[in-house]
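Q: coords please:
(one chain, ligands or ions: 1)
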Amino acid sequence: MDEDGHILPKDFPELRNDTFLRAARGEEVEHVPVWCMRQAGRYLPEFREFRAGKDFFETCRSPEDCCELTLQPLRRFGFDAAIIFSDILVVPQALGMDVQMVAGKGPTFPEPLKEPDDLQRLRSKVDVASELGYVFRAITLTRHKLEGKVPLIGFSGAPWTLMSYMIEGGGSTTHSKAKRWLYRHPEASHALLKRLTDVIVDYLLGQVKAGAQALQVFESHAGCLGPVEFKVFALPYLRDIARRVKDRLKESGLDNVPMIVFAKDGHYALEDLSQSHYEVVGLDWTIDPCVARQRTGGKVSLQGNMDPCALYATKECISEIVKTMVEAFGTRGYIANLGHGLYPDMDPESVGAFVEAVHTHSRRLLNHK
Ligand SMILES: Cc1c2[nH]c(c1CCC(=O)O)Cc1[nH]c(c(CCC(=O)O)c1C)Cc1[nH]c(c(CCC(=O)O)c1C)Cc1[nH]c(c(C)c1CCC(=O)O)C2
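A: Numbers count the residues shown, from 1 in each chain. As a prediction, the model looks like this:
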């Protein structure tokens with residue numbers, strides 16, 4: 001404990017299941033590891049009960065609550081990794097923006113950025129330890145409470161995805177306000193993306209120092225860009241993040257951690273993403289696993305990519321879909337996941353069937369080699 005009574009990021013329990021980390025590095029495994037994006041979420045009755053009546057970002061600021069919500073899905077399912085409960089929008093908050101979670105509407109910025117002058121409203125220097133220390137404390141506490149069961153993943157939103165939220169002020173189908181900046185104010189766009197990148201690098205490094213054993217960067221809004229805009233406004237910053245986090249870990253004498261880049265609907269950028277210093281490329285369900293393997297040329301491990309809606313199918317059907325998916329990806333350098341997050345109306349039993357199917361089919365394939 002430190003003088004404020006916070007648990008310290010040291011003497012963590014020994015890791016008992018490193019399958020996820022080995023798969024991320026392309027090493028041999030006994031089964032294909034599996035986890036789900038949004039595995040802590042409203043599809044779980046215990047999650048809904050725990051969150052009831054509490055403000056979303058208040059919950060994010062409570063290390064004890066984040067720890068409990070992170071552990072909930074692991075009590076039910078044989079996931080091979082945990083992901084810290086938090087949200088990508090804590091970074092815009094750290095830059096000084098107000099963000100609220102409005103029931104039925106999703107994340108909302110009462111005062112989004114409208115014109116380049118609005119950049120002056122953002123904090124010029126962000127001290128991540130003071131602004132986002134609550135996430136670091138949640139990670140440290142959770143890493144202890146996991147008791148070495150599985151590794152803990154930390155995460156951040158990617159610069160373009162965060163920029164688009166900060167300008168749109170919430171969810172959007174066209175992202176036209178944010179894309180207007182790219183075409184009308186390219187310099188201001190780069191200035192904003194650069195500032196986000198700097199904060200994200202410090203933030204991810206802080207997460208590793210706090211105990212995160214892998215990192216995922218969510219470029220959730222890659223799909224509204226085309227290949228040209230992605231190359232100019234997203235890819236350079238994604239690359240910069242991975243390179244700088246890895247350099248800074250080395251400088252600090254810390255071990256490298258696997259990094260995953262997930263650019264939702266960014267299949268047009270697969271080749272580039274596989275050469276961006278990330279160990280793992282996450283895939284949504286719009287790309288065929290064999291095509292993805294070909295286009296990434298065995299340079300990286302792959303993660304994904306079952307259509308989350310396949311969980312509405314029967315257990316038998318889920319098992320068949322998983323079998324086809326695992327056979328197509330192969331058992332080496334592969335982390336099974338959905339192609340995006342779980343939805344609130346999904347049946348926890350189907351999630352259990354998905355996890356079981358990944359383990360069963362991959363064990364069978366590995367035993368027949
Ligand atoms: C775009 C994005 C956000 N947040 C996140 C992304 C990137 C992933 C993606 O592409 O979906 C990332 C995120 N958000 C959350 C996690 C926790 C870890 C996990 O995956 O289990 C993670 C990794 C918790 C959450 N974040 C949120 C919830 C649900 C709200 C609640 O618990 O009350 C959870 C479990 C809220 C949130 N936060 C955000 C949205 C669009 C929403 C949904 C709003 C709604 O459905 O009303 C922004």
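Q: Without its sequence neighbours, what residue ends up closest to the residue in the stretch 51-200 of the chain positioned nearest to the ligand?
A: The minimum distance from the stretch 51-200 of the chain to the ligand, using C-beta to the nearest ligand atom, falls at Gly106 (3.5 Å). C-betas here are computed from N, CA, C, even on glycine. Closest residue to Gly106 apart from its sequence neighbours, by C-beta to C-beta, 6 or more residues apart in numbering: Gly171 at 5.0 Å.
Q: I'd say that neighbour and Gly104 touch.
A: No - using C-beta atoms under 8 Å, Gly171 makes no contact with Gly104, being 11.6 Å away.
Q: which one of the two has more residues nearby?
A: When Gly171 and Gly104 are compared for neighbours, Gly171 comes out ahead with 12 against 4, by other C-beta atoms under 10 Å.
Q: mind listing what the more buried one touches?
A: Listed by C-beta atoms under 8 Å, 6 or more residues apart in numbering, the contact set of Gly171 reads 105-107.
Q: swap the cut-off to 10 Å and go again
A: Applying C-beta atoms under 10 Å, 6 or more residues apart in numbering to Gly171 gives the contacts 105-108, 164-165.
Q: Taking those residues, please make a ChimeraX selection of just the buried ones.
A: Those of these that count as buried under 16 or more other C-beta atoms under 10 Å are selected in ChimeraX with:
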select :107,108,164,165
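Q: For the stretch 101-250 of the chain, which segments are assigned as helices?
A: Along the stretch 101-250 of the chain, counting by DSSP state H, counting those that start in this stretch, helices occupy 128-131, 133-145, 159-168, 176-184, 186-210, 227-233, 235-251.
Q: Now do stretch 125-135: distance to the chain's middle.
A: On the basis of C-alpha atoms, centre = their mean, to the nearest Å, stretch 125-135 sits 19 Å off its chain's mean C-alpha point.
Q: got the contacts of Gly171 as TSV, with pLDDT columns?
A: Compiled in TSV, these are given as follows (pLDDT from 0 to 100):
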residue	pLDDT
Lys105	94
Gly106	96
Pro107	97
Thr108	98
Ser164	98
Tyr165	98
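Q: Can you report how many residues neighbour Gly26?
A: By other C-beta under 10 Å, neighbour count at Gly26 equals 17.
Q: hang on, the earlier thing: show me the contacts for the residue of the stretch 51-200 of the chain closest to the ligand.
A: Gly106 sits next to 56, 100, 170-171 when contact means C-beta under 10 Å, 6+ apart.
Q: Give me the secondary structure label for the closest residue to the ligand within the stretch 251-369 of the chain.
A: Among all residues of the stretch 251-369 of the chain, Gly341 sits closest to the ligand, at 4.6 Å; criterion: C-beta to the nearest ligand atom. Assigned with DSSP: H, G, I helix; E, B strand; the rest coil, Gly341 falls in the coil class.
Q: Get me the contact residues on the chain for the ligand.
A: 37-42, 51, 56, 83, 85-89, 101, 106-107, 155, 171, 218, 220, 264, 341 (C-beta under 6 Å from any ligand atom).
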